[in-house]
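A.B. asks: build me a model:
(chains A, B and C, ligands or ions: 3)
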Amino acid sequence: MKLVYAIVQNKDANLLAKKFSENGIRATKLASTGGFLSEGNTTFIIGIADEKVADVMKVIKENCHQREEFVSPVVNSHAGELTQPVQIKVGGAIVFVTPVDEFRRF
Amino acid sequence: MKLVYAIVQNKDANLLAKKFSENGIRATKLASTGGFLSEGNTTFIIGIADEKVADVMKVIKENCHQREEFVSPVVNSHAGELTQPVQIKVGGAIVFVTPVDEFRRF
Amino acid sequence: MKLVYAIVQNKDANLLAKKFSENGIRATKLASTGGFLSEGNTTFIIGIADEKVADVMKVIKENCHQREEFVSPVVNSHAGELTQPVQIKVGGAIVFVTPVDEFRRF
Ligand code: NI
Ligand code: NI
Ligand code: NI
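C.D. replies: Numbering: from 1, shown residues only, chains lettered A, B, ... in the order given. Ligands and ions are numbered 1, 2, ... in the order given. I've put the predicted structure just below:
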């Protein structure tokens, strides 16, 4: 048994929770802020058998990895300026796998 | 020293916090949602000496174990229907005991 | 790599977050209540290289250690009573350093 901590951006948290559920991975969501990835993070705690840690990693990587998105900046359009979409980095995940000495269910 | 994570239903969280306190167990409560036990969970973190982990388990088991309750369903009573109490499962706890390399108090 | 849990009083949390940032320590803040230090706590999770754990401890100790402050009690001043400032204990931190088996960034 391992306890996995995944810290992801809020914008990816709902999709990730859905994908964990679809893959039979029970995750508990903690509210969190700041630090690892910029403001607005969610921390998931996942208790998982050793041999399924790779599955958890795969789901996180597929749904939260850092990628670039094009965003159209909001501008004052009175002057009829042409605006270029801007490329920004979004997403990303930090994952810690920690050992568990004992696991109980009541 | 161990760090114990206990994930319990919100409905059991206040009583559990009280029982921890009565038993001299210092627990920190984190807001959490979803996953292990259905919606509406609370996660407790408890730092505890190795030889007292069993006491923590006992308090959790006594106050949060899964059990059945009878609930009277809310129905439209205009028609004078007889309603039967329904048996549902409530409670339950998931507990992880994890190792601690170093403990400091400032 | 270690995962460090620091539980501090809310009153010290903002300054501590600022000092972590100034020292290049990436901390994630979780909402928490009760238990270790009296009501109103904040829990930080910090993923950190083994050789930097001492730096984390230093920042926590400097900014959150328990100390005494003088507080002027609010009294009914109609009677012209002299009031003495009262000395109270504030601050304090509980820190757990836990092992990490695997660390990934996506
Ligand atoms: Ni992609
Ligand atoms: Ni019972
Ligand atoms: Ni001082």
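A.B. asks: so how many other residues sit close to the nearest residue to residue A:101 once chain neighbours are set aside?
C.D. replies: Nearest non-adjacent residue to residue A:101, counting by Cβ to Cβ, 6 or more residues apart in numbering or on different chains: residue B:97, 4.8 Å away. C-beta coordinates here come from the backbone N, C-alpha and C atoms, glycine included. The tally of other residues near residue B:97 (other Cβ atoms under 10 Å in any protein chain shown) stands at 22.
A.B. asks: my read is residue B:97 is in a strand, agree?
C.D. replies: Yes. Under DSSP: H, G, I helix; E, B strand; the rest coil, residue B:97 falls within a strand.
A.B. asks: you'd agree it is up against residue B:1?
C.D. replies: No. Using Cβ atoms under 8 Å, residue B:97 makes no contact with residue B:1, being 11.0 Å away.
A.B. asks: pLDDT score assigned to residue A:38?
C.D. replies: Looking at residue A:38, its pLDDT reads 57.
A.B. asks: now stretch A:95-106 - C-alpha only, CSV.
C.D. replies: What follows is stretch A:95-106, C-alpha atoms only, in CSV (Å, rounded to 0.1, in the frame of the first residue of the first chain):
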residue,chain,number,x,y,z
VAL,A,95,3.3,13.7,-7.3
PHE,A,96,4.8,12.2,-4.2
VAL,A,97,4.5,8.5,-3.4
THR,A,98,4.9,7.7,0.3
PRO,A,99,5.1,4.5,2.2
VAL,A,100,2.3,3.1,4.4
ASP,A,101,3.1,1.0,7.4
GLU,A,102,-0.5,-0.1,8.1
PHE,A,103,-3.9,0.2,6.4
ARG,A,104,-7.2,-0.3,8.1
ARG,A,105,-10.8,-0.1,7.1
PHE,A,106,-13.6,0.1,9.6
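A.B. asks: so what touches that stretch?
C.D. replies: Here stretch A:95-106 makes contact (Cβ atoms under 8 Å, 6 or more residues apart in numbering or on different chains) with A:1-7, A:47, A:53, A:57, A:60, B:2, B:53, B:57, B:60-61, B:64-66, B:92-99, C:1, C:3, C:47, C:98-106.
A.B. asks: report the buried members of those residues.
C.D. replies: A:2-7, A:47, A:53, A:57, A:60, B:2, B:53, B:57, B:60, B:64, B:92-98, C:3, C:47, C:98, C:100, C:103, C:106 (16 or more other Cβ atoms under 10 Å in any protein chain shown).
A.B. asks: and chain A, which residues reach chain C?
C.D. replies: With Cβ under 8 Å from any Cβ of the partner chain as the criterion, chain A meets chain C at residues A:2, A:5, A:7, A:30-36, A:41, A:43, A:53, A:57, A:60-61, A:64-66, A:92-99.
A.B. asks: in strands only, show me those.
C.D. replies: Counting by DSSP state E, the part of the residues of chain A next to chain C found in strands is A:2, A:5, A:7, A:30-33, A:41, A:43, A:93-99.
A.B. asks: just give me the closest of these to residue B:19.
C.D. replies: residue A:30 (22.6 Å; Cβ to Cβ).
A.B. asks: which strands border the host helix or strand of residue A:103, and is each parallel or antiparallel?
C.D. replies: Per DSSP states H and E: residue A:103 is located in strand A:102-105. Strand A:102-105 sits in its sheet next to strand B:93-99 (antiparallel), going by DSSP bridges.
A.B. asks: pLDDT on the strand it pairs with, on average?
C.D. replies: Averaging pLDDT along strand B:93-99 yields 97.
A.B. asks: measure the residue nearest to residue A:101 to chain C for me?
C.D. replies: Residue B:97 sits 11 Å away from chain C, going by Cβ to the nearest Cβ, to the nearest Å.
A.B. asks: got it, and residue A:102?
C.D. replies: For residue A:102 relative to chain C (Cβ to the nearest Cβ), the value is 14 Å.
A.B. asks: average pLDDT across stretch A:63-71?
C.D. replies: Per-residue pLDDT over stretch A:63-71 has a mean of 88.
A.B. asks: does chain B have contacts with that stretch?
C.D. replies: No. Counting by Cβ under 8 Å from any Cβ, chain B has no neighbours in stretch A:63-71; the shortest distance is 15.9 Å.
A.B. asks: what's the span of that stretch, first residue to last?
C.D. replies: 19 Å (Cα to Cα, to the nearest Å).
A.B. asks: need the contact partners of it.
C.D. replies: A:6, A:8-9, A:12, A:15-16, A:19, A:85-93, C:106.
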